[in-house]
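Participant: how would this look folded up:
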Amino acid sequence: MTRLVAPWSDDQVKGFLKAPITFRHNLAETGLFDDEALARLLDAYPAELYDINLFDFDAEGQATMRTGARGRLPGREVLEGVKQGRIWVQLRRAEAWYPALTPLMKQAFAEIAGEAKGFSPVQLNGQLILSAPGAKVPFHADAPGVILFHLRGRKRIWIYPADEAHMPQQGMENIMLKQQTEDLPYRRDMDAVAAVFDLEPGMAASWPLHAPHRIENQGAFNVSLSVDYQTWGSRLTNGAHFANGVLRRWGLPVAAMDKTPMAARAGLWAASLGLKRMGLVEDKIKAFERSFEIGDAQKAA
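Facilitator: Next comes the predicted model:
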């Protein structure tokens with residue numbers, strides 16, 4: 001079997017999950033992300049799993065997001081709309097709805113686990129992202145762990161420390177409670193402490209859990225596969241953030257997460273299961289108004 005992930009150096013092994021790293025992969029060479037394959041996929045993909053977003057940025061780089069709908073365009077025209085506009089299209093649950101990709105994702109993560117001993121993800125969710133030459137992804141933090149496999153085009157990624165100055169604990173609690181999206185307040189002076197990578201096809205990037213990041217395409221149509229993963233460690237940590245968010249709303253004291261041992265996080269995670277069933281906090285992001293279709297965004301570019 002041909003390897004999909006190149007062997008890692010000692011520095012990559014030591015840095016994985018602790019610091020931003022990049023590594024090489026061969027997913028871009030499979031033919032699954034060429035125009036013809038993508039057009040067929042876009043034709044077949046369930047509309048409810050399309051995320052179509054257009055970001056407007058102010059002078060400081062802070063983003064406002066508009067959410068759109070595919071409309072009735074065939075896949076080839078959706079693809080052209082992405083290439084010519086400012087939008088990005090995210091196809092969620094790619095691990096389930098792009099069958100040819102499923103075994104390759106599993107193989108890639110098995111090879112990563114072979115390089116990083118002790119890394120054992122219990123869940124993988126793939127998002128295939130198609131983005132315009134000038135598209136940007138704003139400063140944000142993901143709740144699960146993420147590995148970004150870059151496939152086409154060129155993009156620059158800024159990865160920031162997962163500390164209180166860049167990713168406040170209360171912000172992650174609000175993300176887990178679905179009180180806010182994953183987008184965060186951004187200032188340009190934050191870039192001074194960011195790790196910056198230019199990703200070419202065949203490169204992948206990984207960063208510590210909850211590390212904020214932002215992305216700018218570098219003048220070409222881009223395709224990337226973003227794979228969210230959960231380990232038991234990340235699952236317990238996120239459950240602890242959920243429980244802490246509820247406790248904070250009740251006026252109870254909340255410890256800093258970096259001072260909370262894994263055993264305590266496990267107890268908070270167990271509590272979060274019951275708190276979720278009780279439905280104590282209203283989901284404020286469950287529905288975004290669809291404000292444009294792809295053709296409209298193409299005209300506005």
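Participant: give me the pLDDT value at Asn244.
Facilitator: Per-residue pLDDT puts Asn244 at 98.
Participant: quick check: the gap between Pro212 and Ile157.
Facilitator: 11 Å (Cβ to Cβ, to the nearest Å). Glycine gets a C-beta too; all of them are placed from N, C-alpha and C.
Participant: what does Leu49 give?
Facilitator: Counting by Cβ to Cβ, the separation of Leu49 from Ile157 is 24 Å.
Participant: helices of the protein, residue ranges please.
Facilitator: Using DSSP state H, the helices of the chain run over 10-15, 35-44, 75-84, 94-97, 102-115, 169-176, 232-249, 262-278, 294-300.
Participant: nearest to Pro208, of those helices?
Facilitator: Closest to Pro208 of those, according to Cβ to Cβ: helix 10-15, at 9.4 Å.
Participant: and that closest one, what does it pack against?
Facilitator: For helix 10-15, the packing partners by 3 or more Cβ pairs under 8 Å, 6 or more residues apart in numbering; DSSP states H and E come out as strand 21-24.
Participant: for the strand it packs on, name the packing helices and strands.
Facilitator: Secondary-structure packing of strand 21-24 (3+ Cβ pairs under 8 Å, 6+ apart): helix 10-15, strand 203-206.
Participant: who does the shortest one pair up with?
Facilitator: Paired strands of strand 203-206, with direction, are strand 21-24 (antiparallel), strand 145-152 (antiparallel) (DSSP bridges).
Participant: hang on, the earlier thing: the helices of the chain: which one's closest to Phe149?
Facilitator: Among these, the nearest to Phe149 by Cβ to Cβ is helix 102-115 (7.3 Å).
Participant: where does pLDDT dip in the chain?
Facilitator: Applying pLDDT under 70 to the chain flags residues 63, 65, 69-71, 287-301.
Participant: on that earlier part again, let's have the helices of the chain in JSON lines, adding mean neighbour count and distance to Phe139.
Facilitator: Converted to JSON lines, those look like this (neighbours: other Cβ atoms under 10 Å; distance: least, Cβ to Cβ, whole Å):
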{"stretch": "helix 10-15", "mean neighbour count": "13", "distance to Phe139": "22"}
{"stretch": "helix 35-44", "mean neighbour count": "16", "distance to Phe139": "28"}
{"stretch": "helix 75-84", "mean neighbour count": "20", "distance to Phe139": "22"}
{"stretch": "helix 94-97", "mean neighbour count": "19", "distance to Phe139": "24"}
{"stretch": "helix 102-115", "mean neighbour count": "16", "distance to Phe139": "26"}
{"stretch": "helix 169-176", "mean neighbour count": "21", "distance to Phe139": "11"}
{"stretch": "helix 232-249", "mean neighbour count": "21", "distance to Phe139": "19"}
{"stretch": "helix 262-278", "mean neighbour count": "15", "distance to Phe139": "26"}
{"stretch": "helix 294-300", "mean neighbour count": "18", "distance to Phe139": "22"}
